[in-house]
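Participant: Okay, predicted coordinates and the sequence, questions at the end:
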Amino acid sequence: MYEPILSVDNLHVSFHSQNRVVKAVRGVSFALQKGETLAIVGESGSGKSVTAKSLMRMLPAQTAKITEGAIRYDNQDVLSFSPRELQKLRGKEISMVFQDPMTSLNPTMKIGRQIMEGLAKHEKLTKSEAKQKAIQMLEMVGIPQAAERIDAYPHQFSGGMRQRVVIAIALACRPKVLIADEPTTALDVTIQAQILDLMRGLQKQTGTSIILITHDLGVVANMAQRVAVMYTGEIVEIGPVHEIFTRPQHPYTKGLLQSMPRLDADRSEPLVPIPGSPPDVTRLMGGCSFAPRCPYVMRVCHHFSPQSTSLGPEHQVSCWLQDRRAEEMRRSFCS
Amino acid sequence: MLKRVGYMLVTLFIIATATFFLMKTLPGTPFTNADRLNEQQLENMKAKYGLDQPVAIQYVRYLANLVQGDLGMSFKFMGRSVNEVIFERIGPSALIGFQALIVGTFVGLGLGVVSALRHNSIWDYTSVTLAVLGMSIPSFVFAALLQYYLGLKWGLLPPALWKGYEYTILPTLALSVTVIATVARFIRTEMLDVISQDYVMTARAKGLSETGVIVKHVLRNALIPVVTMLGPLAVNIMTGTLVIEKIFSVPGLGEQFTLSIVVNDYSVIMGITLFYSLLFILMVFVVDILYGLLDPRISVRGAKAK
């Protein structure tokens, strides 16, 4: 039906520091369709950002290693790219928007030049063409008086405006994939809504696929068609947003949804937090990493990692509760 | 801007006052054979140089002359003004000081950049070790070593005196060691700091080449704070010249200064001190202005209308 523009298969990333190895991403697989928005949610340290950065090979070369797996963009093997090929990929094919607009712009360079840099590199435009294009981009992201503002420095802009500039930089060369790493986390709530609106509008105009990394389930519901839930470096559940929100199958996904306040819920009902905290990823034992916090934990969970089970054409979950054999067990136990 | 100039003048005034009174507390007299002069001769000498007046009057006279740019007459050199002495001696000092600053900044820059780009490699460790050595060993030790090895033992360069361009090389090298070390260390820290900034990641994510990222985004931002180092470094060089010029027998201002202290040539000591202070204050001023020009986030008040 669809053709994936970007696919990740069994990705493993680990960080090496002195004598410790941190396995930040452990066997992540997903495919991004053309024009869709896939959200990746999870708490801090779940490996969302590392996964995102490895897609463009943006991890620090000295410490991070992709130990296993494959990343394919448009049927090319990204992991085998030379530095030159990577430069052609970055900005032109895949772009990235970072979390904090206060720090993601160069403070000593005019914003126009920061937009033009990518254009000069990828589009071979003349200087005046690039300038025109930069003004056009600024107008597109809703910055008034764009023709004058291209000569402004980042500190003359507010946080929301800067994030608009960052988005303009990312979209300048019409990339096919936009990775947005918590694009609204550092912004005020009202500005968050504006930026999300902007991204949605631009996606409609350009047909860009978006990978949206967030820990805000409200943002997910607003923006994405599909969502992947990450926990300690693994995708524990992935599926269409409405399905995950209405019928979450992994206990962790359930926990996340229960811990979120809802407008339609009875106010006297307290929010239910997930007990405990995520395990230290340097000391993972065998078995399911959520087992110590799981209210439905079984003995098998402590010893064996669950395999991914399909619950529909697009909905997969890694939990022993959803394993075929769990059903058999329950039946034999009850009879 | 005007305010800044005002502050500079106040600073100079305080320095002038402090040096003047400190000078008065120095033991000894400027006269060579003070103990062999009789009462009358001593009186005459003192009267000639105004030393018979009360300190307060001397002070007022001194300031009055100072305002007119007159630093007074030398005690040591008959009939020559301090202005003349400084003017005559400044050439060699300025030459080696300037050369040391240039050599030091560029070599230091190179070392610092290599060190930061090859962070935690053998290059990095070597350059850090050199930098620590360079900062902790005083320049006169290097001066002596250079003089002995390059000058005497291997005979590559003239070990002392001032008779041509090749005579400037050793003093320049000796002076530049501290500059190299300071700049290298500073650049390294700044670059490592900038490299981990988000905007460098943004630049990489645009698809710029690694060289492009380093030159356009990292270096520029790392170099701006280095400009602030120029002030202290210039001071370092000025004080360095005091000893270095003595060691290499360079007829510069520093050598004159040490000589004047030995013979209690009050007016020359004060003159040179004030001159050095003025240089330093001007340097700080220039650095501030430069900083404002280089970093768009900072505007020197009044220099740039907003």
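Facilitator: Perfect, thanks for sending it.
Participant: rest of the way, CA atoms for contacts and neighbours
Facilitator: Fine.
Participant: Show me what from the stretch 1-150 of chain A comes close to chain B.
Facilitator: A:56, A:58, A:84, A:86-92, A:95-98, A:103-108, A:117-118, A:121 (C-alpha under 8 Å from any C-alpha of the partner chain).
Participant: What about these, which are in strands?
Facilitator: A:95, A:96, A:97 (DSSP state E).
Participant: Turn these into JSON lines, columns for neighbour count and pLDDT.
Facilitator: Shown next, in JSON lines, are these (neighbours: other C-alpha atoms under 10 Å in any protein chain shown; pLDDT from 0 to 100):
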{"residue": "A:95", "neighbour count": "27", "pLDDT": "92"}
{"residue": "A:96", "neighbour count": "29", "pLDDT": "91"}
{"residue": "A:97", "neighbour count": "25", "pLDDT": "91"}
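Participant: which among the residues of the stretch 1-150 of chain A next to chain B end up buried?
Facilitator: A:56, A:58, A:86-92, A:95-98, A:103-108, A:117-118, A:121 (16 or more other C-alpha atoms under 10 Å in any protein chain shown).
Participant: Those residues in helices, which ones?
Facilitator: Per DSSP state H, helices hold the following members of these: A:86, A:87, A:88, A:89, A:117, A:118, A:121.
Participant: Residue B:263 - how many residues pack around it?
Facilitator: If you count neighbours by other C-alpha atoms under 10 Å in any protein chain shown, residue B:263 ends up with 16.
Participant: Now it: phi and psi?
Facilitator: With angles defined as degrees, to the nearest 10, residue B:263 shows backbone torsions of phi -100, psi 10.
Participant: Now residue 9: which helix or strand?
Facilitator: In the absence of a named chain, chain A is used. Residue A:9 belongs to strand A:4-17 when assigned by DSSP states H and E.
Participant: meant chain B, my bad for not saying
Facilitator: Element membership of residue B:9 [criterion: DSSP H and E] is helix B:2-24.
Participant: May I see the buried residues of that helix?
Facilitator: Residues of helix B:2-24 classed as buried: B:8, B:12, B:13, B:15, B:16, B:17, B:19, B:20, B:23 (neighbour count, 16+ other C-alpha under 10 Å).
Participant: Kindly indicate which of the residues you listed lies nearest chain A.
Facilitator: Nearest to chain A out of the buried residues of helix B:2-24 is residue B:8 (C-alpha to the nearest C-alpha; 29.1 Å).
Participant: Sticking with the closest residue in space to the closest one that isn't next to it in sequence, tell me its helix or strand.
Facilitator: Nearest residue to residue B:8 in three dimensions, chain neighbours excluded: residue B:281, at 6.7 Å (C-alpha to C-alpha, 6 or more residues apart in numbering or on different chains). Per DSSP H and E: residue B:281 is located in helix B:266-294.
Participant: quick check, distance from that helix to the centre of its chain.
Facilitator: Distance, stretch centre to chain centre, for helix B:266-294: 9 Å (C-alpha atoms, centre = their mean, to the nearest Å).
Participant: what comes up buried for that helix?
Facilitator: For helix B:266-294, by 16+ other C-alpha under 10 Å, it's B:266-281, B:283-289, B:291-294.
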